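Asks: below are the sequence and a predicted model for it; my questions follow.
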Amino acid sequence: MIFAMNTWQRLKYETLGLGLMLLSGWALASPLTDTWTNDLQPLTKQEWNRERAQHLLERAGFGATPQEIDEWAQLTPAQAVKRLVRYQAIPDKLKPFEASGAHDKGLEPFAASRPAATDMAKATGEALGVKIKPAGNRRLQQVADRYLYWLRASRLETHRLGYWWANRMLSTSRPFQEKLTLFWHGHFATTEEKVRDFRKLYIQNTLLRSHANGNFRELMVAVAKDPAMLAFLDAGVNLKGAPNENFAREIMELFTMGVGNYSEQDIKEAARAFTGWNYHDLTFVINPQQHDDGEKTILQRSGRFNGEQVIDILLAQPVTAEYLAGKLYRYFVREELLPSLQQQLGQRLRQSHYDIAAFMETLFLSKDFYSSASVGTRIKPPVELLISTYKKMGLKAVPGIPDFNEQSELLGQKLFYPPNVAGWAHGRSWVTPGLLLARGNVMYDTLYPPIDFVAPDRVPNGLYQILTVADKIAQGQDVTSATKPDGKNMGEMSMSNQGDRDEDFNTRLASYNAWRKAIERVKPIERTTAQIDVSAMLRQAKCTTTDEAVSYLIKRFLSVKIDAEVQAKISAMLSQDLGTTDLKAADSYMEDALRNALHVILSLPAYQLG
């Protein structure tokens, strides 16, 4: 599309170019000259101020409004950190996820593939709770329909689950609990693409939340027995005599020790300890006949170990505490971590017997956390970027227009869909030139919701083909003719013209039937736009001039200072757009101009830092 850029667009692209250079240069690699850098001594009451309270709320949660920051600034640092980290004292009044009722018991055990479902039906006369017809055309159609239905329905429910969690992040009075849950979601990454059951993902999400700031051993054991993790890492084929190494490899490489601290033989032996660990529907089970109870040697220790004992062996390794401490540090403090500091942090975590809350109190109270090397140097991941934007806008709910799941996916991070078992990469990978531009466009769509929006949870993938099938069937065509792909050769067309074929099932018809049933049974996501009023925001802040307005918006939304020249340009553009520098004179018509200014601010590379 070719279009003429207006003054706001030109300013946006100028600041993108300037800021991208900063993000790729000194802004992310500033010299560690601050005397607080790497200092784990706790911050004193005298050293606490509003800016440090803002930094804490940004990192330990999803940011805050000016009023909330003022409240937290009145506490001592110890009080503020304790309130955030030991959140169990604060009631959780948010509602649990309400499923649509799209799952039927007959779907279990769900087939590994469509061919597996139809083959079972052929062999036994029944699959997925459906008996096949004794005679007639497409005897297995209902089985194929049902298999594809659950894939569609689970995906739609997972999208609803993403909205539910995003709204928890926005509305919770326990922001650190949700932030930690998000961290663990990336650490113990499982995806709907393979699990194919939103119920298991919801159970896992609840598990991560309930154990988030507790004892890591308890969390690790719970995850090892979690149906979503067991499904994701192929527990069903981890059997005595033929162990599958997936879970054993990932628990060492990603969950506890890190690469290079174990041998391939250790993995093979550990896999034997987890044989027989499986699930039945949503319940963890151990199948004794499938479990290898023989002696194993893991990390130079020998015994008839089971899975929990292997976890204890891994946690006893000093490198495990260092690995986990380093990963928490890099997520919540900064990317750069000296080996000596990581070793010191690992010792503290191990000495606390893997108490996550105690460890995080150490980080959040440390002078290192508030040093210039840490403040404003972390690139916000997409989900955090969106939720913190909504929070600073004063929104009470995540907008349904545009779609939150699509926006976060566009930026590279969709809840319940991590890219692989290693979770999401962080840091510089979030801000390629294309992604930086996409972030600005996402902000625009939030401030100016698209008028051509189509709800993705009501419109299936491959819409054209599915609607074509539906239209042709409605016109009275037989199934074979209605589901014939476009562009068939003459021989195939001639065959289709002979009438409805005698076949076991029709996949295109199954896709149509599955989507129709899924949309019928899965509740729609509520579709509201962002209820933002920038004019009211500035009136409440008692801003009287365009300079004051821009200064206030920058202070409210950004965690770092921006170049004075850039700020002056935004103020000048706002004044030009309003035709005055006096907000009172422009009070009746200033909303769109203020949104333009806010869009430029939210597109700044500096806004990506927190």
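Replies: Right, received. Where do you want to start? Numbers count the residues shown, from 1 in each chain.

Asks: tally of neighbours for residue 580?
Replies: 15 (other CB atoms under 10 Å). C-beta: built from backbone N, CA, C; applies to glycine.

Asks: if you could redo that for residue 263, that was the one I meant.
Replies: Neighbours around residue 263, by other CB under 10 Å: 12.

Asks: residue 294 versus that one, what's the distance?
Replies: According to CB to CB, to the nearest Å, residue 263 stands 19 Å off from residue 294.

Asks: again, but for residue 589
Replies: 79 Å.

Asks: show me what contacts residue 408?
Replies: 162, 382, 383, 386, 414, 415 (CB atoms under 8 Å, 6 or more residues apart in numbering).

Asks: state the mean pLDDT of the helix or strand where the first one lies.
Replies: Here residue 162 sits within helix 141-171, counting by DSSP states H and E. The average pLDDT for helix 141-171 rounds to 97.

Asks: elements contacting that helix?
Replies: Helix 141-171 sits against helix 114-124, strand 130-131, helix 175-187, helix 192-195, helix 198-211, helix 382-393, helix 404-411, helix 507-521, with contacts defined as 3 or more CB pairs under 8 Å, 6 or more residues apart in numbering; DSSP states H and E.

Asks: strands along the protein, start to end?
Replies: Secondary structure of the chain by DSSP state E: the strands cover 126-127, 130-131, 277-280, 283-286, 296-298, 301-303.

Asks: just the contacts of residue 408 now: which is nearest residue 327?
Replies: Nearest to residue 327 among these is residue 383, at 17.8 Å by CB to CB.

Asks: and the closest one, how far from residue 143?
Replies: Look at residue 383 and residue 143: by CB to CB, they are 38 Å apart.

Asks: re the thing from before, among the helices and strands packed on helix 141-171, which comes closest to residue 543?
Replies: Residue 543 lies closest to helix 382-393 among these, at 15.9 Å (CB to CB).

Asks: got a list of contacts for the closest one?
Replies: Here helix 382-393 makes contact (CB under 8 Å, 6+ apart) with 58, 62-65, 166, 169-170, 179, 182, 380, 398-399, 404, 407-408, 411-413, 415, 430, 439, 442-443, 446, 530, 532, 556-557, 602, 608, 610.

Asks: buried subset of these?
Replies: Listed as buried from those are 58, 62-64, 166, 169-170, 179, 182, 380, 398-399, 404, 407-408, 411-413, 415, 430, 439, 442-443, 446, 530, 532, 556-557, 602, 608, 610; burial here means 16 or more other CB atoms under 10 Å.

Asks: quick one on the thing from earlier: which of the contacts of residue 408 sits closest to residue 270?
Replies: Lowest distance from residue 270 to the contacts of residue 408 (CB to CB) belongs to residue 415, with 30.2 Å.

Asks: contacting residues for the nearest residue to that closest one once chain neighbours are set aside?
Replies: Computed as CB to CB, 6 or more residues apart in numbering, the closest residue to residue 415 that is not its neighbour in sequence is residue 162, at 4.1 Å. If you count contacts by CB under 8 Å, 6+ apart, residue 162 has them with 404, 405, 408, 414, 415, 416.

Asks: so where's the stretch 251-400 of the chain uncertain?
Replies: Of all residues in the stretch 251-400 of the chain, none has pLDDT under 70.

Asks: export the strands of the chain to TSV and tack on distance to residue 363?
Replies: Shown next, in TSV, are the strands of the chain (distance: least, CB to CB, whole Å):
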stretch	distance to residue 363
strand 126-127	52
strand 130-131	54
strand 277-280	33
strand 283-286	33
strand 296-298	31
strand 301-303	31
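
Asks: reformat those strands as JSON lines; add mean neighbour count and distance to residue 52.
Replies: Output for the strands of the chain, formatted as JSON lines (neighbours: other CB atoms under 10 Å; distance: least, CB to CB, whole Å):
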{"stretch": "strand 126-127", "mean neighbour count": "19", "distance to residue 52": "60"}
{"stretch": "strand 130-131", "mean neighbour count": "16", "distance to residue 52": "61"}
{"stretch": "strand 277-280", "mean neighbour count": "18", "distance to residue 52": "45"}
{"stretch": "strand 283-286", "mean neighbour count": "13", "distance to residue 52": "44"}
{"stretch": "strand 296-298", "mean neighbour count": "19", "distance to residue 52": "45"}
{"stretch": "strand 301-303", "mean neighbour count": "12", "distance to residue 52": "45"}
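
Asks: closest one to residue 326 among the ones you listed?
Replies: Nearest of the strands of the chain (CB to CB): strand 296-298, 22.9 Å.

Asks: give the other helices and strands that the closest one contacts.
Replies: helix 264-273.

Asks: so which bits of the helix it packs on are buried?
Replies: Going by 16+ other CB under 10 Å, helix 264-273 has these buried residues: 266, 267, 269, 270, 271, 272, 273.

Asks: which stretches in the stretch 251-400 of the chain count as helices?
Replies: With DSSP state H, counting those that start in this stretch as the criterion, the stretch 251-400 of the chain has helices at 264-273, 307-315, 318-332, 339-351, 356-365, 382-393.

Asks: need these in JSON lines with distance to residue 287, can you?
Replies: JSON lines is the format used below for those (distance: least, CB to CB, whole Å):
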{"stretch": "helix 264-273", "distance to residue 287": "14"}
{"stretch": "helix 307-315", "distance to residue 287": "13"}
{"stretch": "helix 318-332", "distance to residue 287": "28"}
{"stretch": "helix 339-351", "distance to residue 287": "34"}
{"stretch": "helix 356-365", "distance to residue 287": "32"}
{"stretch": "helix 382-393", "distance to residue 287": "37"}
